[in-house]
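> The following block contains a protein sequence and its predicted model.
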Amino acid sequence: MKEEILSHLNNPRNLELIYRGNKVYFKHEFQKIYPEIKGSLIADFWNERLKHESDEFNWGSSTDWLFVVIVSFIAGLIAKIPALFSVDQEFFYSRNIGFIVFPALSVYFIRKNNLSVQKISLIAFATVAGLVFINLFPDVKRSDTLVLSSIHLVLFLWCVLGFAFVAEKPISTDNRLNFLKYNGDLVVISALILISGAIMTGMTIGLFSLIGFKIEKFYFDYVVIFGLAAVPIIGTYLTRTNPQLVGKVSPVIARIFSPLVAVMLVIYLSAMIYSGKNPYSDRDFLMVFNALLIGVMAIIFFSVAEISKSGKRQAEIWILLILSVLTVIVNSVALSAIVFRISEWGITPNRMAVLGGNLLILINLIMVIVQLYKVVLKKVDLSSVGKPIAVFLPIYFIWTIIVTFIFPLIFNFK
């Protein structure tokens with residue numbers, strides 16, 4: 001971010017957008033470079049502004065909270081569509097689960113970033129296109145392309161949310177990594193809200209049962225459903241209004257889990273060899289193996305986003321490098337198993353989707369490993385580690401479009 005601050009020092013609007021993207025990190029980086037730019041009118045202004053900025057919890061304005069409540073309520077109504085309009089639950093939720101939350105979050109960032117009409121139109125078009133396509137999908141009892149399209153549609157909507165997040169900001173590695181960091185922060189705050197909600201649910205149902213009221217059905221049908229729909233929206237508002245809320249928690253989680261996952265992978269690969277289980281002949285095992293790969297990759301990407309935001313010790317870079325190498329090994333095993341299954345039993349939508357996804361992940365991880373290795377050798381700066389991920393995000397978006405919209409046509413909705 002240092003380079004961004006310096007390059008936009010004479011552009012107040014862009015500087016403000018960078019600041020709002022990550023206030024805590026902006027303040028940290030600005031304080032480091034301020035001695036170099038001291039004397040500039042804009043630099044002195046920002047120094048005074050940041051010096052007197054309060055770190056107390058900010059609840060925001062009543063207008064903002066009204067907006068959050070309205071959007072959360074609409075998200076809850078979308079979640080209740082099967083009950084309100086007698087729509088088959090399995091049909092609705094399997095196809096439309098992503099539309100409960102992601103459009104609401106996109107609307108939040110459209111408002112926050114004050115997007116142009118043209119960009120709002122793009123977001124609206126992409127969202128409506130996905131909604132119409134998935135709900136007009138033939139209602140086939142067993143369709144691999146329907147399952148793939150439904151899963152990748154969630155990723156497609158996540159990418160649309162990413163566009164709403166960065167659309168009015170300078171196109172840069174930092175802003176794309178800020179989006180990944182936002183997702184990590186949202187997971188943390190959402191988990192805390194859910195834990196609190198679970199405790200409240202248990203207490204409420206328990207207290208009412210003591211006086212003879214059985215409120216379980218009503219409570220779950222309305223309070224829980226609307227509450228679950230509201231969690232990501234409220235979590236987003238809290239983390240964007242108070243970046244410091246989980247700003248110190250997320251790096252700690254990344255720091256703790258990276259070595260633990262690396263150890264787990266070593267033990268798991270050893271246990272797999274010992275057990276005789278392999279993804280070549282066992283389809284279910286291959287699916288679990290790929291789920292493991294995606295989970296570990298998410299941890300790596302989240303950790304890289306955190307690494308790019310703060311200077312870390314050399315040992316932590318090594319841990320992330322080892323974890324990335326181990327993940328490439330897991331990916332290679334999964335990839336070879338998929339190629340083996342295609343050569344033995346032919347092409348299917350599932351195999352093609354997994355093959356393409358794994359290839360993209362493999363290439364991306366190798367690029368990350370190269371950058372991490374260069375950092376270890378002190379050939380490049382730490383900030384360069386996030387570049388391969390930032391560059392690859394649009395490629396993942398294109399892949400979600402292919403699997404969501406094109407695969408069903410290629411494989412005749414089978």
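Nice, thanks for sending it over. Keep in mind it's a predicted model, so treat the numbers as computed, not measured.

> Which stretches in the protein count as strands?
Secondary structure of the chain (DSSP state E): no strands present.

> how about the most centrally placed residue in it, what does it touch?
Nearest to the centroid of the C-alpha atoms of the chain, with distances taken as Cα atoms, centre = their mean, sits residue 183, at 4.2 Å. The contact partners of residue 183, taken as Cβ atoms under 8 Å, 6 or more residues apart in numbering, are residue 302. For every residue, glycine as well, the C-beta is placed using N, CA and C.

> For residue 8, see how far away it is.
Noted for residue 183: a distance of 25 Å to residue 8, by Cβ to Cβ, to the nearest Å.

> likewise residue 295?
According to Cβ to Cβ, residue 295 stands 36 Å off from residue 8.

> higher neighbour count, those two?
residue 8 (17 against 11; other Cβ atoms under 10 Å).

> Surely the more buried one touches residue 16?
No: under the contact definition of Cβ atoms under 8 Å, residue 8 does not touch residue 16, with a separation of 9.3 Å.

> Tell me where the model's unsure across this protein.
Across the chain, residues meeting the criterion (pLDDT under 70) sit at 1-4, 17, 20-25, 28, 51-58, 169-171, 247-248, 250-251, 305-313.

> what about the longest helix in it?
Among the elements of the chain assigned as helix by DSSP state H, the one spanning the most residues is helix 173-210.

> Which positions in that one come out as buried?
By neighbour count, with 16 or more other Cβ atoms under 10 Å as the criterion, the buried positions of helix 173-210 are 173-190, 192-193, 197, 201, 205.

> Next: stretch 121-135.
With the criterion 16+ other Cβ under 10 Å, stretch 121-135 contains buried residues 122-123, 126-127, 130-131, 133-134.

> just stretch 336-348 next, same as before
Of the residues in stretch 336-348, 337-338, 341 count as buried by neighbour count, 16+ other Cβ under 10 Å.

> which residue sits closest to residue 237, ignoring its sequence neighbours?
The spatially closest residue to residue 237, leaving aside those adjacent along the chain, is residue 68, at 5.0 Å (Cβ to Cβ, 6 or more residues apart in numbering).

> That neighbour: neighbour count?
Here the count is done by other Cβ under 10 Å, and residue 68 has 20 residues near it.

> again, but for the one 4 residues further on
Other residues within reach of residue 72 by the criterion other Cβ under 10 Å amount to 21.

> correct me, but it touches residue 234?
Yes: contact status for residue 72 versus residue 234: in contact at 6.6 Å, counting by Cβ under 8 Å.
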